[in-house]
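A.B. asks: Sequence and predicted model, in that order:
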Amino acid sequence: MAVSSAGPSVLRTALRIGVGVSLTAFLVWIPRSQLGATPDHANLRLSLRRAGGVIQECRTLSASELEKLAAHMRRPEVCESTVVPYWVTATSNGHTLLRQQVFPAGARGDRPMVVEELVPIPAGRQQIRVTFSPEGIAPTTDVTFLKPHALAATIGAVPGRIYVVFLDNEDHDLVLH
Amino acid sequence: MQAEPTDTEQTPGISHADRRPEHWSVWVRLLSRAVTLADAMFNRFFSSAWNPLYQTGTIAILAFLVTLVTGLYLFLFYQVDAPYASVLRIQNEIPLGAWARAVHTYGADLSIVAILVHALKIFLAGRAWGPRTIAWISGVGLLAIFLACGWTGQIMAWDQQGQVVAVQLTRMLDLLPIFSVPIGRTFAGAQPVPGTFFFMNLFLHVCLPLFLALLLWIHLVRIVRPVLLPPRQMSAAIVFCLGVVGALLPLPLAPRADLLQVPANVPTDLFYNFWVPVALAVSPLAHLGIWLGSWLLLTSVPWWWLRRQPDLAPSWVNPDLCTGCTTCYLDCPFDAIQMQERQQPGSRSKHVAVVNPDSCTSCGICAGSCAPMGVGPPAFTGRSQLTLIDSILAKPQDLAENGMVLFACRTNSLSHSPALSQFENVLIITVECGGNLHTSAIEQVLKRGASGVIVLTCPSRDAACREGPKWLRERVYNDREAELQARVDRRRVRICSLGVGEAQSLARQIRDLENELAQLGAPDSRSGADEQTDCEPKPVIRRGRF
């Protein structure tokens, strides 16, 4: 559109106002954009954190073994650590939703292991089963601190709702929230 | 001391604008065309003097100041132990609360828009290299902090928008090996979000603007006389518009955050949360990769985008001609010229100007500032301009009857405008920048028979060489050093600062000058210009903000 540059005119003023209003409308409209459609399913959030599974096996060194070590490194007992991974599984009405191996965090595996997962589950009545248990442990090992956890519950899953499974700090049992 | 450059180092008359790579990709060409069209539209509607696209940097600062003031007011009523309830109270009960919140948000949005447009224009103009590298990188940092300020502000309200932002950001951050326990656990929903989280968030929201001030200082450190705010009338109009829009269209508050519910149909500020749809669609690792890749790409622009071409040499000072007047030192918009004490005793001045080539952008403004024509990029000195004019106007018939000369800044697209084709008596000579044009060149063409001279420069706020148009006006009309000599009839000289889309204004100005020249009659001399070899005894302007 050709607009005369010769001095202010009604058309020019109207166009200026129009452009200004358009820019302002753009500035106002963008912050009001809608995001996220109405969900048709529920979600199961696994929010688990517990001390890592590290097994130490110690043995006493023989005199000849000690002899081979430098004087300042001679300790009568040496221990070897083994990191024990956990498996977390979640099923709904028998269908597997999640099966995942979890390792303790940290370079030496001495930090807590953490699971943060959000898995969708169908709406309606659902039988939920969650397990969080250590991977096969040798029978001779003292594993009293490597406690397996399990939860079974029935819920009426509402679309959009998030059902949280977490470890209770006191009883160390899985809890559904 | 620099070695004198040879003539072969630079092709006379070739500028930055001519050096853009021919292999520009299609999208860059389209983007460039879109920006030019937008410039033209605003110039036609508002004139180049009021084109907001030429003020994006200063508009960002102004909008930030508006956000700062309204934020301080909101801060008085915000409570970290009841974030949503306190924002709801601000919205519904506190006097001017809803208005302040809306203006706060709209101001922050305007800042982001202005920053993005500013960055886009700088990118397309290829102004991110050399001494501007630090400005570009700090600008990317400013953008990051602005975004972080926005996100922390949205989380402060702890509505569903804040929930989405917090959850998606923490999903990504938890991939970085910096937290011993994933911070995403805070939003698991098994327990309420602790107040310490909101305290930390508030702390960040308040402290990040302090970093903004620091980065802004770094952003402008290499620029002499930076302009921080738009013209007063434009500032007033922007603040007024924000105030009116805030009153008429207060920002609704989304429902309270519920960590046990997937947010749906959440009102989202896409100026800040443009990434959320991507975050919802891809894995956190891919999302993190996109962010890191984008920032790396943005930050490295000075190294992979347009740079100084080998044949565009930096300025050079001829110490034999330098009178130590300091004008080039004062006029340089990038602080690339320093005054140093001369080593040889008995020289004509105690000090001599020295160019730091690393800071020089080859804009040539120093060439226009030097009365004895002893400084400038090799092909753009005042002497080069006189030589060029002598070659173009060697014979009287080289100029039409009552012919005029139009000196056009090379980056100004109007110099190629079809509107100029109607003026057969106008000879167009391109120069690197309006500020690069030496006033002796104006005098020279008048003495060679031109009835009048028009200098077409970029609009002041969009000048590729920053202060070129300003210094040219000072030299022609206000006797700034290297001034247009008093013997030159200024009625025959006109300076037009116009941008793309203002061809009709340019044509009108040429026609007006033609009419005035017709009344003045023919110029009186056809001899060459007297070369000025001495400076005024004192500089006429001091360093500082104008």
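C.D. replies: Good, I have the coordinates.
A.B. asks: which helices and strands sit right next to the lengthiest strand in chain A?
C.D. replies: Determined from DSSP state E, the single longest strand within chain A is strand A:124-134. Using 3 or more CB pairs under 8 Å, 6 or more residues apart in numbering or on different chains; DSSP states H and E, the elements in contact with strand A:124-134 are strand A:42-50, strand A:86-92, strand A:149-157, strand A:162-167, strand A:174-176. Yep, even glycine has a C-beta here, placed from its N, CA and C like the rest.
A.B. asks: mind putting these in a markdown table, mean neighbour count included?
C.D. replies: Output for the helices and strands packed on strand A:124-134, formatted as a markdown table (neighbours: other CB atoms under 10 Å in any protein chain shown):
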| stretch | mean neighbour count |
| --- | --- |
| strand A:42-50 | 21 |
| strand A:86-92 | 19 |
| strand A:149-157 | 15 |
| strand A:162-167 | 21 |
| strand A:174-176 | 17 |
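A.B. asks: Mean pLDDT and distance to residue B:393 added to those strands, as JSON lines?
C.D. replies: Formatted as JSON lines, those follow (pLDDT from 0 to 100; distance: least, CB to CB, whole Å):
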{"stretch": "strand A:42-50", "mean pLDDT": "89", "distance to residue B:393": "80"}
{"stretch": "strand A:86-92", "mean pLDDT": "91", "distance to residue B:393": "86"}
{"stretch": "strand A:149-157", "mean pLDDT": "88", "distance to residue B:393": "87"}
{"stretch": "strand A:162-167", "mean pLDDT": "90", "distance to residue B:393": "81"}
{"stretch": "strand A:174-176", "mean pLDDT": "83", "distance to residue B:393": "91"}
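A.B. asks: so which of those gets nearest residue B:34?
C.D. replies: Proximity to residue B:34 (CB to CB) singles out strand A:42-50 among the helices and strands packed on strand A:124-134, at 41.7 Å.
A.B. asks: who's in contact with that closest one?
C.D. replies: By CB atoms under 8 Å, 6 or more residues apart in numbering or on different chains, the list of residues contacting strand A:42-50 from outside reads A:88, A:90, A:92, A:97-98, A:112-123, A:126, A:128, A:130, A:132, A:157-167, A:172, A:174, B:181, B:185, B:188-190, B:262.
A.B. asks: Would you write a PyMOL line that selects the buried entries of those?
C.D. replies: In PyMOL, a selection of the buried entries from the contacts of strand A:42-50 looks like this (16 or more other CB atoms under 10 Å in any protein chain shown):
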select buried, (chain A and resi 88+90+92+97+98+113+114+115+116+117+118+121+123+126+128+130+132+157+160+161+162+163+164+165+166+167+174) or (chain B and resi 185+188+189+190+262)
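A.B. asks: So for stretch B:471-488, what gets flagged as buried?
C.D. replies: Neighbour-count burial for stretch B:471-488, counted by 16+ other CB under 10 Å, picks out B:471-476, B:480-484, B:488.
A.B. asks: among the residues you listed, which are in helices?
C.D. replies: B:471-476 (DSSP state H).
A.B. asks: And the helix or strand of chain A with the lowest mean pLDDT, what's buried?
C.D. replies: When each helix and strand of chain A is scored by mean pLDDT, DSSP states H and E, strand A:33-35 comes last, with a mean of 78. Using 16+ other CB under 10 Å as the test for burial, strand A:33-35 gives A:33, A:35.
A.B. asks: Stretch B:65-77 now?
C.D. replies: Under 16+ other CB under 10 Å, the buried positions of stretch B:65-77 are B:65-67, B:70-71, B:73-74.
A.B. asks: How about stretch A:73-88?
C.D. replies: A:84, A:86, A:88.
A.B. asks: give me every residue that touches the last one.
C.D. replies: Going back to what we said before, that points to residue A:88. With CB under 8 Å, 6+ apart, residue A:88 has these contacts: A:46, A:48, A:98-100, A:102, A:115, A:117, A:130-132.
A.B. asks: Check the spacing between it and chain B real quick.
C.D. replies: Distance of residue A:88 to chain B, computed by CB to the nearest CB, to the nearest Å: 15 Å.
A.B. asks: hey, what's that residue bridged with?
C.D. replies: Note on residue A:88: beta-bridge partners residue A:100, residue A:132, judged by DSSP bridges.
A.B. asks: Most distant residue from the centre of chain B?
C.D. replies: Each residue of chain B has a distance to the centre, and by CA atoms, centre = their mean the biggest one is for residue B:190: 50.1 Å.
A.B. asks: For the residue nearest to residue A:133 when sequence neighbours are not counted, the count of nearby residues, please.
C.D. replies: Distance criterion CB to CB, 6 or more residues apart in numbering or on different chains; nearest residue to residue A:133, sequence neighbours excluded, is residue A:148 at 3.4 Å. For residue A:148, the count of nearby residues is 12 (other CB atoms under 10 Å in any protein chain shown).
A.B. asks: Kindly report the same for residue B:418.
C.D. replies: Burial measure for residue B:418: 7 neighbouring residues, criterion other CB under 10 Å.
A.B. asks: if I pick it, what's in contact with it?
C.D. replies: Counting by CB under 8 Å, 6+ apart, residue B:418 touches residue B:503.
A.B. asks: Can you tell me how far it is from chain A?
C.D. replies: According to CB to the nearest CB, residue B:418 stands 14 Å off from chain A.
A.B. asks: give me phi/psi at that residue?
C.D. replies: phi -60, psi -20 (degrees, to the nearest 10).
A.B. asks: That one and residue B:497: what is the separation?
C.D. replies: 21 Å (CB to CB, to the nearest Å).
A.B. asks: Verify the stated contact: residue B:466 with residue B:336.
C.D. replies: No. In this structure, residue B:466 is not within contact of residue B:336 by CB atoms under 8 Å, at 11.9 Å.
A.B. asks: Could I get the pLDDT score of the residue nearest the centre of chain A?
C.D. replies: Of all residues in chain A, the one closest to the mean position by CA atoms, centre = their mean is residue A:116, 1.2 Å from it. Note on residue A:116: pLDDT of 87.
A.B. asks: ditto for residue B:404
C.D. replies: Looking at residue B:404, its pLDDT reads 90.
A.B. asks: OK, contacts around the closest residue to it other than its chain neighbours?
C.D. replies: Leaving aside its sequence neighbours, residue B:404 sits nearest to residue B:452 (CB to CB, 6+ apart; 4.6 Å). Counting by CB under 8 Å, 6+ apart, residue B:452 touches B:404-405, B:446, B:492-494, B:513-514, B:516-517.
A.B. asks: what's the average pLDDT for the host helix or strand of residue B:267?
C.D. replies: For residue B:267, the enclosing helix or strand under DSSP states H and E is strand B:266-268. In this model, strand B:266-268 has a mean pLDDT of 84.
A.B. asks: if we can go back for a sec, let me know whether the least confident helix or strand of chain A sits next to chain B.
C.D. replies: Yes. Strand A:33-35 reaches chain B (CB under 8 Å from any CB of the partner chain) through A:33-35.
A.B. asks: Could you tell me how far stretch A:29-44 lies from the centre of the chain?
C.D. replies: Distance of stretch A:29-44 from its chain centroid, counting by CA atoms, centre = their mean, to the nearest Å, is 22 Å.
A.B. asks: sec struct for the residue nearest to the centre of chain A, please.
C.D. replies: strand (DSSP: H, G, I helix; E, B strand; the rest coil).
A.B. asks: in the chain, which ranges drop under the pLDDT threshold?
C.D. replies: You didn't say which chain, so I picked chain A. For chain A, the stretches flagged by pLDDT under 70 are A:1-8, A:137-145, A:170-171.
A.B. asks: if you could check chain B rather than the one you did, that'd help
C.D. replies: B:1-24, B:307-311, B:346, B:396, B:398, B:523-546.
A.B. asks: Within range of chain B, give me the residues from chain A.
C.D. replies: A:3-6, A:12, A:15-16, A:19-20, A:24, A:27-28, A:30-39, A:43, A:45, A:47, A:49, A:105, A:111-112, A:114, A:116, A:160-164, A:166, A:175, A:177.
A.B. asks: All good on my end, thank you.
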